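Visitor: Show me the folded form of this:
(2 chains)
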Amino acid sequence: MELKVLMFGELAEIAGSTEVLLDNVSSSGSALEMVENRFPEIKLKKYAVALNGKLISDNKPLSENDEMALLPPFSGG
Amino acid sequence: MKKEKKKVFVNGPIDPQFISSSIASHGKKTDIGAQSVFLGQVRNDLIDGKQVTAIEYSAYESMAEQQFYEIREDAFRRFDLTCLHIYHSIGIVKTGEISLFVFVSAVRRVQVFDACSFIVEEIKNKVPVWGKEIMEDGTYHWKSNTINSGIQ
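Guide: Below you'll find the model as predicted:
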């Protein structure tokens, strides 16, 4: 399955894009591994993972049209 | 009490004129006895010897709008409020300009003080917004908030 991973803040800079497309991905954990392998610098950064706009803390299976996002520490306000 | 999702993001700084007209428009609601306003202003921090001149805000907008909505719902559940308005900047806001406007109204004062403080902390902790601090020499630094409970 294809998955679009949205990148924000400093992570988007590291990836050189606000979106990373992955192929043959079935879980959030494997998606993260693929992103970190493609952009090793991300491993050194603190970030949270959102699936369809909700923070997740463990490995989740993915379905068609899911949207995953990597979120660096928030700094609004 | 309105419950629909409200537009929170404002492009660029929040105009003080807009803030004063928001205050003025609440004069019609004569059951209100107390209002509290929080204004977040971009500060000229010194980072590694360089002065911050502006912050460029970006957001995961769909998630942020949902988080703002949930914070708003939660605030109405916790506090006895008449009105609640939240506005946050997106894009560039220069030092001395306003990037966050929280406006809370209720019958009495205790509710608005507590609600305003609760809402601002919730925004800092739960809303996916990022600030890039732009320095005087054009370099930049990713801002980090003092507390970040959401992210390990």
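Visitor: Flag every residue of chain B that's near chain A.
Guide: Residues of chain B lying close to chain A by C-beta under 8 Å from any C-beta of the partner chain are B:40, B:57-60, B:62-64, B:66, B:88, B:99-100, B:120, B:123-132, B:142-145, B:148, B:150-152. For the C-beta atoms, the positions are set from N, CA and C on the backbone; glycine is no exception.
Visitor: rerun at 6 Å
Guide: Proximity of chain B to chain A, by C-beta under 6 Å from any C-beta of the partner chain, involves residues B:40, B:60, B:62-63, B:66, B:100, B:123-124, B:127-131, B:142-145, B:148, B:151.
Visitor: buried set for stretch B:46-58?
Guide: If you call a residue buried by 16 or more other C-beta atoms under 10 Å in any protein chain shown, then stretch B:46-58 has these buried ones: B:50, B:52-58.
Visitor: Walking through the chain, point out its strands one by one.
Guide: Assuming you mean chain A. Listed in chain order, the strands of chain A (DSSP state E) span A:3-7, A:19-22, A:48-51, A:54-56, A:67-71.
Visitor: I was after chain B.
Guide: Using DSSP E, the strands of chain B run over B:9-11, B:34-41, B:46-47, B:50-59, B:81-94, B:98-106, B:129-135, B:140-142.
Visitor: Looking at chain B, what residue ends up closest to chain A?
Guide: Residue nearest to chain A within chain B: B:Val129 (3.0 Å; C-beta to the nearest C-beta).
Visitor: how about the nearest residue to that residue, chain neighbours excluded?
Guide: Distances taken as C-beta to C-beta, 6 or more residues apart in numbering or on different chains place A:Gly76 nearest to B:Val129, at 3.0 Å, with adjacent residues excluded.
Visitor: Return the set of buried residues in stretch B:89-101.
Guide: For stretch B:89-101, a neighbour-count test (16+ other C-beta under 10 Å) marks B:89-90, B:92-93, B:95, B:97-101 as buried.
Visitor: Between those residues, which sits nearest A:Pro61?
Guide: Distance to A:Pro61 across the buried residues of stretch B:89-101 (C-beta to C-beta) is lowest for B:Ile90, with 33.2 Å.
Visitor: if we look at the sheet, which residues does the closest residue to that closest one other than its chain neighbours bridge to?
Guide: The shortest distance from B:Ile90 to any non-neighbouring residue, by C-beta to C-beta, 6+ apart, is to B:Phe9 (4.6 Å). B:Phe9 has these beta-bridge partners by DSSP bridges: B:His88.
Visitor: what comes into contact with the helix ranked longest in chain A?
Guide: Criterion DSSP state H: the longest helix present in chain A is helix A:28-38. Residues outside helix A:28-38 that contact it (C-beta atoms under 6 Å, 6 or more residues apart in numbering or on different chains): A:3, A:5, A:20, A:22, A:25, A:42-43, A:51, A:59-60, A:68.
Visitor: Understood, closing this out.
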